[in-house]
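> I'll drop the sequence and a predicted model, then ask my questions.
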Amino acid sequence: MACFTLYNPVKLHFGKGALDKLGKEAGEYGKKALLILGKGSVKANGSYHEAVSKLKEGSVEVFEYSGIKSNPIIEDIEKAAELGRKKKVNMVIGLGGGSVIDSAKIIALAISNPESPWDIVTGKVRPKSALPVICILTLAATGTEMNPYAVVQNTKLKKKVGYGHKLMYPKISFLDPTFTLSVPKNYTAYGIVDLIAHSLEAYFGKGEASLSDRFTLAIIKEAIKNGPELLENLNNYELREKIMYAATCALNGITFVGKESPDWGVHDIGHTLSVLYDIPHGASLSIAYPAWLKLQSQRIPEKIIELGYNVFATSKVDDTIYKLEYFFKMLGSPIKLSQAGINLDEKAKEQLFKTMAKNKVSGVAHTLSEEDYRFLIEEML
């Protein structure tokens, strides 16, 4: 087991009425907030009106930037940061799902640093400071509410990158499962896929840490037990609560403890699919993971069998992969590009290959070659 430092400074308020504390706690960071929003769902589910009301109670003035895409783009980061500097805000509040909160984190860096935000997330510039970030989560999926990571894409360059920095840890996150009750069936399913994928990235990561793997497998089992029932009962608060908590635990650091690194190879593949086809993140992962497992079936059979034995009660590699595929299909998430409406001819396949090669798609523990790209593409069709 690798040596480790366990650190997570995020204060998490979880459950019904969690947002009651927003005004008082936000007020401790100043009196001007930049509120980052998506495309309108937060006004339908009531979280927007409640958040603004609580901020007013705390005498916090709100400036809004809305329209963040489900695959967030660097142009929105730049525009929102410009607004935040102009209004001289003291904090950035992300109200929405993972894309909104990821954006809020990078915006908080961009406001405080004069350099290009793309230069920051690609490692060309080291940020020196950041505004405080507060999260109000309305979609259980990414776990971004309790970690220092974010993902953003540059559509012109055909690149989607993940970035992490200790300055991006949220100061406070508010998780009221009530705000996820209106999430439609497809995006609820994509969130379940996402939390399982995060868990698998840790499980297949570099190094051995048996207790952390047991935590990880328990999170996957929680999602598999409650996910299908939730999709048949979208208004069930208790099931929403369980999935929301599982998604947070899947990427708050506990599954990495004692390992050198998660793998992230499947996310790299999924990011390529998102930047080329604007496919929802969770859907990209349900397509990529079975293909990746088939690639790895002869390379790490023992690890796949351990997954199958603990989660699906099977001791066979092929059965494990089949049962994971079946679970994704049962959720209604695609396991092939064609099921997502993406049909590739030879020219399009070559474009996908070249984009993967250009972006050097790979994992940390399990590196990928160009020959592997060809295999993965055929399996994802």
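All right, it came through fine. Numbers count the residues shown, from 1 in each chain.
> distance from the centroid: which residue in this structure tops it?
Distance from the centre of the chain peaks at Ser59, with 31.8 Å (CA atoms, centre = their mean).
> Contact partners for it?
Contacts were defined as CB atoms under 8 Å, 6 or more residues apart in numbering; by that measure Ser59 touches 23, 27, 31. Any C-beta I mention is one placed from the backbone N, CA and C, and that applies to glycine too.
> Just to be sure, it is in a strand?
No: using DSSP: H, G, I helix; E, B strand; the rest coil, the assignment for Ser59 is coil, not a strand.
> for it, phi and psi?
Here is the backbone geometry of Ser59 (degrees, to the nearest 10): phi 60, psi 40.
> where exactly do the helices run in the stretch 51-200 of the chain?
74-87, 98-112, 117-121, 185-203 (DSSP state H, counting those that start in this stretch).
> For the protein, name the helix or strand with the lowest mean pLDDT.
Across the helices and strands of the chain, mean confidence by mean pLDDT, DSSP states H and E is lowest for helix 41-44: a mean of 89.
> Give me the contact list for that helix.
Contacting residues not belonging to helix 41-44 are listed as 48-49, 51, 95-96, 138, 179, 182-183 [CB under 8 Å, 6+ apart].
> buried ones in that helix?
Residues of helix 41-44 classed as buried: 41-42 (neighbour count, 16 or more other CB atoms under 10 Å).
> Distance from it to the middle of the chain?
The chain centre lies 20 Å from the centre of helix 41-44; the measure is CA atoms, centre = their mean, to the nearest Å.
> again with stretch 65-77
That offset, for stretch 65-77, works out to 15 Å (CA atoms, centre = their mean).
> which residues sit against that stretch?
34-40, 79-80, 83-84, 96-97, 99-100, 102-103, 106-107, 110, 117-118, 121, 151-155, 160, 274-275, 278, 280-281.
> who are the neighbours in contact with Asn8?
Asn8 neighbours (CB under 8 Å, 6+ apart): 146-147, 169, 252-253.
> quick revisit: out of the helices of the stretch 51-200 of the chain, nearest to Ile134?
Ranking these by their distance to Ile134 (criterion: CB to CB) puts helix 98-112 first, at 8.2 Å.
> orientation of the closest one relative to helix 185-203 in degrees?
If you take axes from the mean of the first three to the mean of the last three CA atoms, to 10 degrees, helix 98-112 sits at 70 degrees to helix 185-203.
> CA-only coordinates of helix 98-112 in PDB, if you can.
The C-alpha trace of helix 98-112 is given here as PDB (Å, rounded to 0.1, in the frame of the first residue of the first chain):
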ATOM      1  CA  GLY A  98     -21.300  18.600 -12.100                       C
ATOM      2  CA  SER A  99     -20.800  20.800 -15.100                       C
ATOM      3  CA  VAL A 100     -21.900  23.900 -13.400                       C
ATOM      4  CA  ILE A 101     -19.900  23.200 -10.300                       C
ATOM      5  CA  ASP A 102     -16.800  22.300 -12.300                       C
ATOM      6  CA  SER A 103     -17.200  25.600 -14.100                       C
ATOM      7  CA  ALA A 104     -17.600  27.500 -10.800                       C
ATOM      8  CA  LYS A 105     -14.300  26.100  -9.600                       C
ATOM      9  CA  ILE A 106     -12.300  27.100 -12.600                       C
ATOM     10  CA  ILE A 107     -14.100  30.500 -12.700                       C
ATOM     11  CA  ALA A 108     -13.000  31.100  -9.100                       C
ATOM     12  CA  LEU A 109      -9.400  30.500 -10.200                       C
ATOM     13  CA  ALA A 110      -9.800  32.600 -13.400                       C
ATOM     14  CA  ILE A 111     -11.100  35.600 -11.500                       C
ATOM     15  CA  SER A 112      -8.100  35.700  -9.200                       C
END
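> Direction-wise, compare that helix with helix 74-87 and give the angle.
50 degrees.
> any idea of the mean pLDDT in helix 98-112?
Averaged across helix 98-112, pLDDT comes to 97.
> Check stretch 145-163 too.
96.
> So which bits of it are buried?
So for stretch 145-163, counting by 16+ other CB under 10 Å, buried means 145-154, 159-161, 163.
> Grab the most central residue of this structure for me.
Central residue of the chain (CA atoms, centre = their mean): Thr142, at 2.9 Å.
> what residues are up against it?
Contacts of Thr142 by CB under 8 Å, 6+ apart are 97-98, 101-102, 194, 198, 247, 251, 281.
> Over to Lys105?
Contacts of Lys105 by CB under 8 Å, 6+ apart are 92, 94, 133, 144, 148, 150, 168, 170.
> can you put these in CSV and add distance to Ile219?
Formatted as CSV, the contacts of Lys105 follow (distance: CB to CB, whole Å):
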residue, distance to Ile219
Val92, 29
Gly94, 23
Val133, 24
Thr144, 16
Pro148, 20
Ala150, 21
Met168, 23
Pro170, 20
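> Which one of these is nearest to Glu229?
Comparing the contacts of Lys105 against Glu229 with CB to CB places Thr144 closest, at 25.1 Å.
> Verify the contact between that closest one and Gly98 for me.
Yes: counting by CB atoms under 8 Å, Gly98 is a contact partner of Thr144 at 4.8 Å.
> among the contacts of Thr142, who's most crowded?
Ala247 (32 neighbours; other CB atoms under 10 Å).
> so what's Pro132 up against?
Here Pro132 is in contact with 29, 90-92, 108, 171 (criterion: CB under 8 Å, 6+ apart).
> again with Val364
Listed by CB under 8 Å, 6+ apart, the contact set of Val364 reads 205-206, 260-265.
> What subset of the residues you listed is buried?
If we count by 16+ other CB under 10 Å, those have these buried: 205, 260, 262-265.
> For Leu230, state which of those residues is nearest.
For the buried ones among the contacts of Val364, the nearest to Leu230 is Pro262 (25.6 Å; CB to CB).
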